[in-house]
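*Asks:* Got a sequence here, can you build the structure:
(4 chains)
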There are 2 protein chains.
Amino acid sequence: MNRFLGHMTNRIDAKGRVSVPAQFRLIVQSAGHTELYALRSLHLPALDVGGPELLTRFDKKLESADPFAETADDMSFYLHADGGFLKLDADGRITVTDFLREHTGISTDVTFAGANTHFQIWQPDQFEAHRARVRARLAEKRRLETS
Amino acid sequence: MNRFLGHMTNRIDAKGRVSVPAQFRLIVQSAGHTELYALRSLHLPALDVGGPELLTRFDKKLESADPFAETADDMSFYLHADGGFLKLDADGRITVTDFLREHTGISTDVTFAGANTHFQIWQPDQFEAHRARVRARLAEKRRLETS
DNA sequence: TGGGGCACTATGGGCGTCAATGGGACTAGA
DNA sequence: TCTAGTCCCATTGACGCCCATAGTGCCCCA
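*Replies:* Got it, this is the predicted structure:
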């Protein structure tokens, strides 16, 4: 199964490292990659993470867009300046840099959440809160539709 | 991975020098260059920087254009008069000249921002402001499209 | 079927290397 | 002679690479 599924929380050690769940790691590593591409989400305090091909996928979308539109400039700036590579060490850990902390509020623990084609990095409480909000919205929507 | 990605801020020392991030330096140096070509961005208080081949790349684009068109003249003038070379010292640093300071407002710190095929040099606050603006524009656009 | 051992993950830590930064000395031009 | 630009070296803190250990699930075999 090469989809990112489920969520789990790991602790950051004294040197600022955290293990990427083996389940997620395997998907990336089996594609021959030793680094991850991470992008600060636009509307959530989380990062979207995947193998380097995630960036390639975004780039391709950019190329097909109108290169004169201001949006294309914005998009390129966002993808390349607000995203970065995370190196996996020999034990499958990444170091949690300020690049991650500032956007997510992460301090001592990290929640990894599957999102099918990629996964997300969250501060655990933020993740819980978001999960609760999503559930509430879906329940509300269902209630409206069936009444 | 030989693309310019992510952003980081370095301090200018008492002699007006600043380290180019190793990550970016490696890309240029592995192509055998010890100089950088920098061009003042048209729309932004930043400079577009890359190896000398960046100028070549722009030149090529020019050659394919109509040499009698006024815009080609303008373009050529712009590339050569508003651009310059930055020498990398043995430790991978550049000296921050007035050429850089005037256009960017840089004083004590420099932010380097990846832009895929090249990178940019910013005054840190300006960079943050631009980053926030870009994110806001993209988020707004997304909001309109999905509603 | 129950127990022992194997495999593997998450986590901790040692240590050498390298990047970022600071500063001295030498050179050349004004 | 003074100033600006080079070249070189020192320091320190971060990071990569390596190995160790504890906890856990799984498999295999008696």
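*Asks:* Next to DNA strand D in this structure, residues from chain A, please.
*Replies:* Residues of chain A lying close to DNA strand D (Cβ under 7 Å from any atom of the strand) are A:15-16, A:87, A:89-91, A:95, A:97. In short, each C-beta sits where N, CA and C put it, glycine included.
*Asks:* contacting residues for the residue of chain A found nearest chain B?
*Replies:* When scored by Cβ to the nearest Cβ, chain A has A:Gly84 as its residue closest to chain B, at 3.2 Å. Listed by Cβ atoms under 8 Å, 6 or more residues apart in numbering or on different chains, the contact set of A:Gly84 reads A:37-38, A:99, B:5-7, B:114.
*Asks:* Just give the closest residue to it, not the sequence neighbours.
*Replies:* B:Gly6 (3.2 Å; Cβ to Cβ, 6 or more residues apart in numbering or on different chains).
*Asks:* Repeat that for A:Thr108.
*Replies:* Using Cβ to Cβ, 6+ apart, the closest residue to A:Thr108 is A:Ile12 (5.6 Å).
*Asks:* and the one you found, how many neighbours does it have?
*Replies:* Look at A:Ile12: counted by other Cβ atoms under 10 Å in any protein chain shown, it has 18 neighbours.
*Asks:* That one contacts A:Val96, correct?
*Replies:* Yes - with contact defined as Cβ atoms under 8 Å, A:Ile12 counts as touching A:Val96 (5.5 Å).
*Asks:* Could you name every residue contacting both of the two?
*Replies:* Common neighbours of A:Ile12 and A:Val96 (Cβ under 8 Å, 6+ apart) are A:18, A:106, A:110.
*Asks:* If you rank those residues by neighbours, which is first?
*Replies:* Neighbour-wise, the shared contacts of A:Ile12 and A:Val96 (other Cβ under 10 Å) top out at A:Val110, 25 neighbours.
*Asks:* So that one, which state does it fall into?
*Replies:* At A:Val110, secondary structure determined by DSSP: H, G, I helix; E, B strand; the rest coil is strand.
*Asks:* show me which of the residues of chain A next to DNA strand D neighbour chain B.
*Replies:* Residues of those in contact with chain B (Cβ under 8 Å from any Cβ of the partner chain): none.
*Asks:* Farthest-apart pair in these, please.
*Replies:* In the residues of chain A next to DNA strand D, two members sit farther apart than any others by Cβ to Cβ. They are A:Ala90 and A:Thr97, at 18.5 Å.
*Asks:* could you point out where chain A is predicted with low confidence?
*Replies:* Across chain A, the ranges flagged by pLDDT under 70 are A:1, A:67-68, A:147.
*Asks:* partners of the residue most central in space within chain A in the sheet?
*Replies:* Geometric centre of chain A, nearest residue: A:Asp48, 2.1 Å, by Cα atoms, centre = their mean. Note on A:Asp48: beta-bridge partners by DSSP bridges are A:Leu39, A:Gln120.
*Asks:* so what's it up against?
*Replies:* Residues near A:Asp48 by Cβ under 8 Å, 6+ apart: A:38-39, A:41, A:54, A:115, A:118-120.
*Asks:* likewise A:Asp59?
*Replies:* Shown in contact with A:Asp59 (Cβ under 8 Å, 6+ apart): A:79, B:116.
*Asks:* A:Ile27: which of the contacts of A:Asp48 is nearest?
*Replies:* Distances from A:Ile27 to the contacts of A:Asp48, taken by Cβ to Cβ, are shortest for A:Phe119, at 8.9 Å.
*Asks:* Leaving out sequence neighbours, find the closest residue to that closest one.
*Replies:* Counting by Cβ to Cβ, 6+ apart, A:Phe4 is the residue found nearest to A:Phe119 once chain neighbours are left out, at 4.1 Å.
*Asks:* so how far is the first residue of stretch A:101-108 from its last?
*Replies:* 10 Å (Cα to Cα, to the nearest Å).
*Asks:* Centre of the chain to it, how far?
*Replies:* Offset of stretch A:101-108 from its chain centre (Cα atoms, centre = their mean, to the nearest Å): 13 Å.
*Asks:* now check that stretch, is it near DNA strand C?
*Replies:* No - using Cβ under 7 Å from any atom of the strand, stretch A:101-108 stays clear of DNA strand C, coming no nearer than 9.9 Å.
*Asks:* Can you show me the strands along chain A?
*Replies:* With DSSP state E as the criterion, chain A has strands at A:7-11, A:17-19, A:35-40, A:47-50, A:83-87, A:93-95, A:109-115, A:118-122.
*Asks:* Determine the set of other helices and strands touching the biggest helix by length in chain A.
*Replies:* Longest helix of chain A, by residue count under DSSP state H: helix A:124-146. Contacts defined by 3 or more Cβ pairs under 8 Å, 6 or more residues apart in numbering or on different chains; DSSP states H and E place helix A:124-146 against strand A:109-115.
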